[in-house]
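In: Build me a structure from this.
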Amino acid sequence: MPNTRPTNSRAHGLALTAIVIVLLLGLPFTVWLDVHNLTENALRRQADDLNSVITSVRSYYAKNVVSRVLASPGSTKVTNDYQSVPGAIPIPATLSLELGKVISEQQKSIDYRFVSDYPFKNRAPHDLDAFEQHALTALRAEPLASLREVENSLFSVRVRAVEPIVMGAACVACHNTHPESPKQDWKVGDVRGIQEVSITQPFAANIFSFKYLLMYFVLMAATAATFLLLQRRQAAQITAMNGELETANDFLASLSIKISRYLSPQIYKSIFSGQRDVVVHTERKKLTIFFSDIKDFTATTERLQPEQITLLLNEYFTEMSAIALKYGGTIDKFVGDAMLIFFGDLESKGEAEDAKACVRMAIEMQHRVAELNTKWRNEGVEYPFRVRMGINTGFCNVGNFGSADRMDYTIIGAEANLAARLQQIAEPGQLMIRYETYALVRGILSARPLPPITMKGISREIIPYVVEGLLDAAGKASAIFSEHTAGLDFYLDSTMVDARETEHIRSVLQRALETLSRRS
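Out: Now for the predicted structure:
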């Protein structure tokens with residue numbers, strides 16, 4: 001299955017980079033919106049305040065100047081054409097117009113208009129746009145309404161604020177009697193026209209009012225860009241390192257698989273899991289040791305081609321090793337055609353259970369050897385393998401033997417040698433055990449003792465036992481018969497015989513006896 005982790009990490013990194021870039025690009029837009037909003041609100045307040053100031057000035061002028069002059073007739077006149085009349089003062093409307101003109105000239109961003117749809121006859125009509133016409137109509141219906149219009153462009157805001165020009169008593173009296181007035185039926189409270197203040201502000205210039213905030217944003221953007229650059233670089237380095245690690249892991253996995261072929265699975269597991277250090281170290285433990293070899297193996301090799309004997313021997317070791325691992329045995333080594341297997345280290349279920357597992361393993365090996373011999377005879381091998389087996393239980397030194405440069409995990413001791421001696425005195429197809437082993441496994445098998453013997457290098461007498469078979473559920477022993485000679489390939493384990501096949505086997509044996517009798 002392909003490794004998708006680097007691809008997923010790369011996709012996540014790209015997604016994070018895209019999100020950060022979008023957020024960074026959104027900062028100027030957000031600032032633009034805030035500045036636009038602040039500018040608009042400020043212009044609204046300025047327009048309202050200016051309108052209020054001019055209205056207040058005009059109202060004060062009308063009540064406290066014009067009204068007093070009109071109440072005390074004299075040389076001072078109130079007229080719109082005050083500049084041509086010596087000693088005259090302007091009417092409030094004229095004052096408002098001229099005051100707005102002065103304000104507009106001094107403040108280029110402010111435009112003041114004092115307009116009406118009823119201009120005097122000697123004046124040009126005002127050019128009213130749609131907003132102003134709508135304002136007049138709305139204010140005459142509701143004089144207390146406050147009308148605003150905001151015009152936005154990309155880098156500026158224009159706010160137009162309109163206030164009604166409400167006729168007072170003095171205004172009504174003047175306009176209704178003035179010969180140039182277009183309307184002479186004014187009433188107090190009527191809306192004569194509108195007073196409009198228009199303020200335009202290029203709010204882009206206000207952005208620099210936030211210079212510290214902008215500097216902070218620039219710093220944050222630079223920091224984020226640096227972080228993204230470092231993150232991408234680090235991601236690239238991590239990806240490269242992961243690739244190298246995957247290559248190294250694949251190599252180590254392949255190497256460990258190859259190494260495992262040279263080690264017992266228990267030893268391999270203990271080393272690679274860290275349970276056991278690879279140092280020269282031994283322990284003394286009570287083990288059950290199994291030793292086997294092939295009778296007359298040298299003579300057998302002389303009858304077969306090297307390639308054929310190699311195939312047979314490898315198949316034999318493969319089958320025997322599988323059985324050993326099945327019962328938990330530690331395969332120590334293959335010595336030519338011999339096998340050394342022990343129980344009780346690295347894993348142990350107790351002395352008795354280890355011994356029983358070893359015996360069961362040996363008997364299953366006998367069964368498998370018989371099956372292999374039949375198979376090989378059918379393939380044309382005239383002299384298949386005849387295996388002898390010996391089992392012994394006793395204390396041995398077990399661990400790493402050798403040097404710091406080259407060591408071997410094995411067992412050393414007289415008890416291991418005794419297992420080898422037991423298999424030497426066994427007949428082909430026999431399993432020979434010592435009394436110490438028999439005492440641990442007597443509940444599962446039937447064995448008969450042989451006369452005590454002495455062995456070279458061992459001072460005490462040894463009582464060997466020949467295993468005749470495992471006990472069945474009823475506690476009865478089943479004998480195993482095994483014989484392989486020229487013209488005879490015989491193996492019988494009564495525990496494996498189905499009751500329905502008993503008569504058939506008897507008839508086969510009977511015919512074989514009759515054939516031998518006729519030959520005699």
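In: Run through the helices of the stretch 301-450 of the chain in chain order.
Out: With DSSP state H, counting those that start in this stretch as the criterion, the stretch 301-450 of the chain has helices at 306-326, 351-378, 414-425, 435-441.
In: what do you get for the stretch 51-200 of the chain?
Out: Going by DSSP H, counting those that start in this stretch, the stretch 51-200 of the chain shows helices at 67-71, 92-106, 130-141, 169-177.
In: For the helix or strand where Arg45 lies, the averaged confidence score.
Out: Element membership of Arg45, judged by DSSP states H and E, is helix 5-61. Helix 5-61 comes out with an average pLDDT of 73.
In: Helix 92-106 and that one, what's the angle between them?
Out: 140 degrees (axes from the mean of the first three to the mean of the last three CA atoms, to 10 degrees).
In: counting contacts, what elements does helix 5-61 pack onto?
Out: Secondary-structure packing of helix 5-61 (3 or more CB pairs under 8 Å, 6 or more residues apart in numbering; DSSP states H and E): helix 92-106, strand 110-115, strand 147-152, strand 157-166, strand 191-201, helix 211-260. The C-beta positions use only the backbone N, C-alpha and C, and glycine is treated the same way.
In: at 7 Å instead, please
Out: Helices and strands touching helix 5-61, as assessed by 3 or more CB pairs under 7 Å, 6 or more residues apart in numbering; DSSP states H and E, comprise helix 92-106, strand 157-166, strand 191-201, helix 211-260.
In: how near is Ala416 to Asn392?
Out: Computed as CB to CB, to the nearest Å, the Ala416 to Asn392 distance reads 8 Å.
In: Enumerate every residue touching the closest residue to Ile294 other than its chain neighbours.
Out: The shortest distance from Ile294 to any non-neighbouring residue, by CB to CB, 6 or more residues apart in numbering, is to Asp337 (4.3 Å). Residues in contact with Asp337 (CB atoms under 7 Å, 6 or more residues apart in numbering) are Asp293, Ile294, Phe297, Leu313.
In: Could you tell me the per-residue confidence at the last one?
Out: In other words, Leu313. 91.
In: count of neighbours near it?
Out: 19 (other CB atoms under 10 Å).
In: Can you list the low-confidence ranges for the stretch 351-500 of the chain?
Out: Low-confidence segments of the stretch 351-500 of the chain (pLDDT under 70): 473-487, 489, 493-496.
In: Tell me, what's the model's pLDDT at Ser264?
Out: pLDDT at Ser264 comes out at 68.
In: Which parts of stretch 159-170 count as buried, going by neighbours?
Out: Val159, Arg160, Ala161, Val162, Glu163, Pro164, Ile165, Val166, Met167, Gly168, Ala170 (16 or more other CB atoms under 10 Å).
In: What separation do you get for the last one and Pro143?
Out: Noted for Ala170: a distance of 18 Å to Pro143, by CB to CB.
In: can you check the fourth one too?
Out: Between Val162 and Pro143 the computed distance is 12 Å (CB to CB).
In: how about Ser348, what does it touch?
Out: Asp354.
In: okay, and the common contacts of Ala416 and Asn392?
Out: Common contacts of Ala416 and Asn392, defined by CB under 7 Å, 6+ apart, comprise Ile289.
In: more neighbours, those two?
Out: Neighbour totals were compared for Ala416 and Asn392, and Asn392 leads with 31 against 21 (other CB under 10 Å).
In: Leaving out sequence neighbours, find the closest residue to the more buried one.
Out: Nearest residue to Asn392, sequence neighbours excluded (CB to CB, 6+ apart): Ala419, at 4.0 Å.
In: and what of Glu468?
Out: Ser446 (4.7 Å).
In: unless I'm mixing things up, the one you found is touching Val466, no?
Out: No. Contact criterion CB atoms under 7 Å: Ser446 and Val466 do not qualify, at 9.9 Å.
In: returning to that earlier point: and the contacts of Asp337, which of them are in helices?
Out: In helices, defined here by DSSP state H, the members of these are Phe297, Leu313.
In: count of neighbours near Pro202?
Out: Neighbours of Pro202 (other CB under 10 Å): 12.
In: What are the contacting residues of stretch 314-334?
Out: In this structure, residues lying in contact with stretch 314-334 by CB under 7 Å, 6+ apart are 264-266, 290, 339-343, 345-347, 357-358, 360-361, 364-365, 368, 372, 385, 410-411.
In: any idea how far Ala224 is from Arg232?
Out: For Ala224, the distance to Arg232 - CB to CB - is 12 Å.
In: cool, Val150 as well?
Out: Taken as CB to CB, the span from Val150 to Arg232 is 45 Å.
In: higher neighbour count, those two?
Out: Using other CB under 10 Å as the criterion, Val150 and Arg232 rank with Arg232 on top: 15 against 12.
In: is it fair to say Leu492 lies in a helix?
Out: No. Counting by DSSP: H, G, I helix; E, B strand; the rest coil, Leu492 is not found in a helix; it is strand.
In: So in terms of bridging, what pairs with it?
Out: Assessed by DSSP bridges, Leu492 has beta-bridge partners Phe481.
In: where's it relative to Gly429, distance?
Out: Counting by CB to CB, the gap from Leu492 to Gly429 is 11 Å.
In: just Lys269 next, same as before
Out: To Gly429, Lys269 is 34 Å away according to CB to CB.
In: In terms of neighbours, single out the busier of these two.
Out: The residue with more neighbours, out of Lys269 and Gly429, is Gly429; 21 against 15, by other CB under 10 Å.
In: Can you list the buried residues in stretch 437-451?
Out: So for stretch 437-451, counting by 16+ other CB under 10 Å, buried means Thr437, Tyr438, Leu440, Val441, Leu445, Ser446, Ala447.
In: any chance of those residues in CSV, with distance to Leu252 too?
Out: Output for the buried residues of stretch 437-451, formatted as CSV (distance: CB to CB, whole Å):
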residue, distance to Leu252
Thr437, 41
Tyr438, 46
Leu440, 42
Val441, 42
Leu445, 45
Ser446, 50
Ala447, 48
